[in-house]
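**Q** The sequence and its predicted three-dimensional model are supplied below.
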Amino acid sequence: MRPIFYEIKRTLTSRFVIILIIAIVGLSSLLAYENASSLNSSNVPSNPNVAYGYFISNNNLTMVGYVYNGYGEPFKDVRVYYQYNGTEYSSVSSSSGFANVTIPIKSSSYISMQVNYTYKQFGRTLSSPVVQYIIYGLKNSGLEVYPGIYNPKNSSNLGFIVMYIGENGSLAPPIKISVLGTNPTNFSNILYNYSLNVSSFSVIKIFPPMESAYKNYTFFVKAENIDGSQIKIYSGLEGGKLYSMVPIYRLSTYVPYTQDSIQKLVFSGITSILDLFVPLLAIFTSYLTYGKDRTSGVLESVLKRPVTKGELITTRFVSNVIAILIASTVAMLSVDLIYHYYFSIYFGTTFFIDLVWTYFVEGVAFLSLIYLISHIIKSQGSLLGFAIGIFIVMDLFWQVIPYSIISALGISSSSSSYVIINMIFDYLSPAGYSNLFQALLTGKLGYFGGIIINPDFYGINYFTLFTSGLLWIIVPFIIAYFLAKIRD
Amino acid sequence: MINIKNVTKIYSKKMGPAVDNLTLDIMDGEIMGLVGLNGAGKTTTIRMIAGIILPTKGNIKVDGFDIIKDKVKASHNIGWIPEFPNYEPNAKPLSLMKYYAGFYENNGIDMSKRIMELLEMVGVSNDLDKKLREYSQGMKKRFAIAESLINDPKNLLFDETLNGLDPEGVKFVRNLIIELKSKGRSILLSSHILSEVEALADRVAIISYGKLVKILTKKDLKNLGKIKIYIQILNYDLNEEKIKIILSRYGEINKIDGEIVLTDINVKDDDIPEILNELVSAGLSVKKFLPVGESLEEYFFKLIGEKNETNFL
């Protein structure tokens, strides 16, 4: 085995590194999920809904109940109750979502049915309100529209379920479903028109493609046969009435995410996890795989081989760098995928590279520091103490120090001195590097709410950040490298 | 071959040099013993040869390659068995051996096979599932021997290797050193068990306070200090006068346990066989005639001027 592969394998399979990588990826993913799901209006309600329809054949009424979740997908194990003439009938929804019952009836001219459903959530049995479903002279419900389902891909709440129950339960013939949008101030103008030809279904979910420009429009659904004749839409829940058009909700929550908003979202949460754990991973991985081996003498068993001290330190450093790169890249990929799932937008390539670079620099700079200190401190215990000290001072409490100084000096938060002190501290520790990138990308500098600045005015641009990042990585490592070569 | 030339090592300016202007050559097929008191500079010398620490002055060449300037080539031919081998505690012996093997060109050798052979040879092949932190000091030393021989180096450095080994281990190492010498390997053997050094070494370098005090050859080792001759002659009582007349010319006659011990011998070492010739020519039946020098240990203490054995390691 080539030594570099052994070093990489050793680093990546060490218990500490595995735990930290899982923590970094897992916690940033969890936080991304939490952010995205709470901000996204298409947060799937855990409660089921039921779309009802029916058909009458001979003297039997078949009630069709389609149980669905917030996405319009089938919801199983829900018991749907149908109460007719004092007798209760019920059925449990299958994996296809249907919970149907067949009820003997005497007359089909007017039937009043009380319907509701129960389901289990966290061990409790919950019950929906009882509502009336009216059958009024028709042999089958035909077309019914149930609005209010969400599209997980685009944040729109403007989805709806179309249920078609034909004669004897037959499927829908070829029809055209249209969604019309009007400006809230002028209902006569149709400003949005979307049509879809569908056929052969009993339940179909439709999500009209929407854009934010249509926010607050009022939308209606109508249906036509292929020959252009209108199909009335039935509503058993509204007294068995037939409608030419059914209103669906306003497009009120559709706010498409942009690169700007997604960047702000990342810097408002995910970075706090990475700012804590990436330096932790870097500091203690470098201690465990290099500093400890060096101070305990383990490194000597390698150094007696045909390898120079320079090669050995470089090999170990590279294997540690790979761990940092994997942790930050996988974490960012995971966050990106989660955000894409909820907001239908991937991080821009530049932003993704910026983020990975930020945490790469932050981690590798801490690695370099520990490598450097490993060549200054001789005892294992002192080195561990220093490593812990560096983590506590230069990472954990680093952001507190400038605020303490600012507070002690009575500097106003609207002054330039306030910005400059924050900025200096961000340059003085690798832990501040993500703050500088945050300032560059979002114009916001500092923790505790931050302040809005013009980054260019304070010299925060790609050149200065790239240069300072490189210096943080290279300078401590180069010193460590030469100390390794010239000292015992 | 290892050439140490004018090597000095200073750890701290406050203290004297740990090794002071040391010059020593260890030839191919030679076992060089390295003896000295605690802190004499033995381990420092060995660590410098192994390329672990850097000499302050002077240079060390291994098979002609400078250990500093040409470390990779020089280290190709060095095997170092330290006094206290120290390994990655969570590593298992097989994977660590494979890692170490990766540093060498295998030259067509089946390294996996060689690794197993070495681990079997040193007797740890039944403990391959254990992590090295679970190994005893003796087992670690055995593992150290195996990993040091992984590339069959031409030069070997044994630093107090016999320490911490059981009697079977001591015998194994002794035989191994003899076998390596027979293969033409140059060996530097540092040990506080002077009898072992005396028995194995072709030459012994005595160092004190970092300085080379003396190098003893095999011949010197046999005749250390003043020589005594142990003599047994049949029918001593019948020939007592004749024997006394002959021997008194060469030294002082002592009689211990029925044996003559001739001390303060006044002829050169090379002329000692003449004494035997004269006894035989006088018609005496000589049963034993054994010239013996001092032991290395006796000689060492006399030379170093130390009497306190407890200081000696």
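**A** Nice, thanks for sending it over.
**Q** need the helices for the stretch 51-200 of chain B, in chain order.
**A** Ranges of helices in the stretch 51-200 of chain B, per DSSP state H, counting those that start in this stretch, are B:71-75, B:93-101, B:111-122, B:137-148, B:167-182, B:194-200.
**Q** Tell me the gap between the helix or strand A:Glu311 falls within and the middle of its chain.
**A** A:Glu311 belongs to helix A:309-343 when elements are defined using DSSP states H and E. The chain centroid and the centroid of helix A:309-343 are separated by 20 Å under CA atoms, centre = their mean, to the nearest Å.
**Q** Would you mark the buried spots in the helix or strand just after that helix?
**A** Where DSSP H and E defines the elements, the next helix or strand beyond helix A:309-343 is helix A:349-374. Within helix A:349-374, the residues that count as buried by 16 or more other CB atoms under 10 Å in any protein chain shown are A:351-352, A:354-374. In short, each C-beta sits where N, CA and C put it, glycine included.
**Q** What helix or strand is the residue nearest the centre of chain B located in?
**A** Taking CA atoms, centre = their mean, the centroid of chain B lies closest to B:Gly33, which sits 2.8 Å from it. When elements are assigned from DSSP H and E, B:Gly33 belongs to strand B:31-35.
**Q** what residues are up against B:Thr8?
**A** B:17, B:19-22, B:55-58, B:210 (CB atoms under 8 Å, 6 or more residues apart in numbering or on different chains).
**Q** Most neighbours among those residues, which one?
**A** Among the contacts of B:Thr8, B:Val19 has the most neighbours (other CB atoms under 10 Å in any protein chain shown), with 28 neighbours.
**Q** The helix holding A:Glu311 vs helix A:349-374, what angle?
**A** Counting by axes from the mean of the first three to the mean of the last three CA atoms, to 10 degrees, helix A:309-343 lies at 150 degrees to helix A:349-374.
**Q** Can you give me the buried ones in helix A:309-343?
**A** For helix A:309-343, by 16+ other CB under 10 Å, it's A:309, A:311-317, A:319-321, A:323-324, A:326-332, A:334-336, A:338-340, A:342-343.
**Q** secondary structure element for residue 274?
**A** Unless you meant another one, I'm taking chain A. Going by DSSP H and E, A:Leu274 is in helix A:271-286.
**Q** hmm, I had chain B in mind actually
**A** helix B:272-281.
**Q** could I have the helix or strand following the strand holding B:Gly33 exported to PDB, CA atoms only?
**A** The C-terminal neighbour of strand B:31-35 among helices and strands, as given by DSSP H and E, is helix B:42-49. Extracted in PDB, the C-alpha atoms of helix B:42-49 (Å, rounded to 0.1, in the frame of the first residue of the first chain):
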ATOM      1  CA  LYS B  42      24.800   5.700  22.700                       C
ATOM      2  CA  THR B  43      21.100   6.200  21.900                       C
ATOM      3  CA  THR B  44      21.700   9.700  20.500                       C
ATOM      4  CA  THR B  45      24.300   8.200  18.200                       C
ATOM      5  CA  ILE B  46      22.000   5.500  17.000                       C
ATOM      6  CA  ARG B  47      19.100   8.000  16.500                       C
ATOM      7  CA  MET B  48      21.300  10.200  14.400                       C
ATOM      8  CA  ILE B  49      22.400   7.200  12.200                       C
END
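**Q** Run through the strands of the stretch 51-200 of chain A in chain order.
**A** Taking DSSP state E, counting those that start in this stretch, the strands of the stretch 51-200 of chain A run over residues A:60-68, A:79-84, A:87-92, A:101-104, A:111-121, A:124-127, A:131-135, A:142-149, A:159-165, A:175-183, A:186-198.
**Q** for the ones you listed, which one sits closest to A:Leu27?
**A** strand A:111-121 (26.9 Å; CB to CB).
**Q** Do me a favour and get the end-to-end distance for stretch A:405-413?
**A** 12 Å (CA to CA, to the nearest Å).
**Q** that older thread, can you pull the alpha-carbon coordinates of the helix holding A:Leu274 into PDB?
**A** Provided in PDB are the C-alpha atoms of helix A:271-286 (Å, rounded to 0.1, in the frame of the first residue of the first chain):
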ATOM      1  CA  THR A 271     -22.700  28.300   8.900                       C
ATOM      2  CA  SER A 272     -23.000  28.300  12.700                       C
ATOM      3  CA  ILE A 273     -22.800  24.500  12.700                       C
ATOM      4  CA  LEU A 274     -19.900  24.500  10.300                       C
ATOM      5  CA  ASP A 275     -18.100  27.300  12.200                       C
ATOM      6  CA  LEU A 276     -18.200  25.100  15.300                       C
ATOM      7  CA  PHE A 277     -17.500  21.600  13.900                       C
ATOM      8  CA  VAL A 278     -15.100  22.200  11.000                       C
ATOM      9  CA  PRO A 279     -12.500  23.800  13.300                       C
ATOM     10  CA  LEU A 280     -13.100  21.000  15.900                       C
ATOM     11  CA  LEU A 281     -12.500  18.400  13.200                       C
ATOM     12  CA  ALA A 282      -9.400  20.100  12.000                       C
ATOM     13  CA  ILE A 283      -7.800  20.800  15.300                       C
ATOM     14  CA  PHE A 284      -8.300  17.400  16.800                       C
ATOM     15  CA  THR A 285      -7.600  15.400  13.600                       C
ATOM     16  CA  SER A 286      -4.300  17.200  13.300                       C
END
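**Q** The lowest-mean-pLDDT helix or strand in chain A: what's the following helix or strand?
**A** Across the helices and strands of chain A, mean confidence by mean pLDDT, DSSP states H and E is lowest for strand A:245-248: a mean of 78. Heading C-terminal from strand A:245-248, the first helix or strand you meet, by DSSP H and E, is helix A:259-265.
**Q** Check which helices and strands that following helix sits against.
**A** helix A:15-39, helix A:309-343, helix A:349-374, helix A:433-442 (3 or more CB pairs under 8 Å, 6 or more residues apart in numbering or on different chains; DSSP states H and E).
**Q** Touching the first one from outside, list them.
**A** Pointing back at helix A:15-39 there. A:11-12, A:43, A:265, A:268-270, A:273-274, A:277-278, A:280-281, A:284-285, A:288, A:323, A:326-328, A:330-332, A:334-335, A:338-339, A:341-343.
**Q** Rebuild the helices and strands packed on helix A:259-265 as TSV, extending it with mean pLDDT.
**A** Below are the helices and strands packed on helix A:259-265 laid out as TSV (pLDDT from 0 to 100):
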stretch	mean pLDDT
helix A:15-39	90
helix A:309-343	93
helix A:349-374	96
helix A:433-442	91
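**Q** Domain-wise, how is chain B divided?
**A** B:2-222, B:226-292 (the TED database).
**Q** Any idea which of the ones you listed has the lowest pLDDT on average?
**A** Averaged per stretch, pLDDT over those is lowest on domain B:226-292, reaching a mean of 89.
**Q** And that one, end to end?
**A** By CA to CA, one end of domain B:226-292 lies 8 Å from the other end.
**Q** Give me the distance between that domain and the centre of its chain.
**A** 33 Å.
**Q** same deal with stretch B:100-111?
**A** For stretch B:100-111, the distance to the chain centre is 29 Å (CA atoms, centre = their mean).
**Q** Would you indicate which residues of it are buried?
**A** For stretch B:100-111, by 16+ other CB under 10 Å, it's B:100-104, B:111.
**Q** what does it contact?
**A** A:1-3, A:5-6, A:301-302, A:305-307, B:76, B:98, B:114-115, B:147, B:150-151.
**Q** Repeat the analysis, applying 10 Å as the threshold.
**A** A:1-7, A:301-302, A:304-307, A:311-312, B:72, B:75-76, B:97-98, B:112, B:114-117, B:146-148, B:150-153 (CB atoms under 10 Å, 6 or more residues apart in numbering or on different chains).
**Q** Start and end of that stretch, how far apart?
**A** End to end - CA to CA - stretch B:100-111 spans 11 Å.
**Q** okay, now A:Pro476: neighbour count?
**A** Other residues close to A:Pro476 by other CB under 10 Å number 21.
**Q** and if you look at B:Ala18?
**A** 23.
**Q** who touches A:Ile479 in this structure?
**A** A:368, A:371-372, A:375-376.
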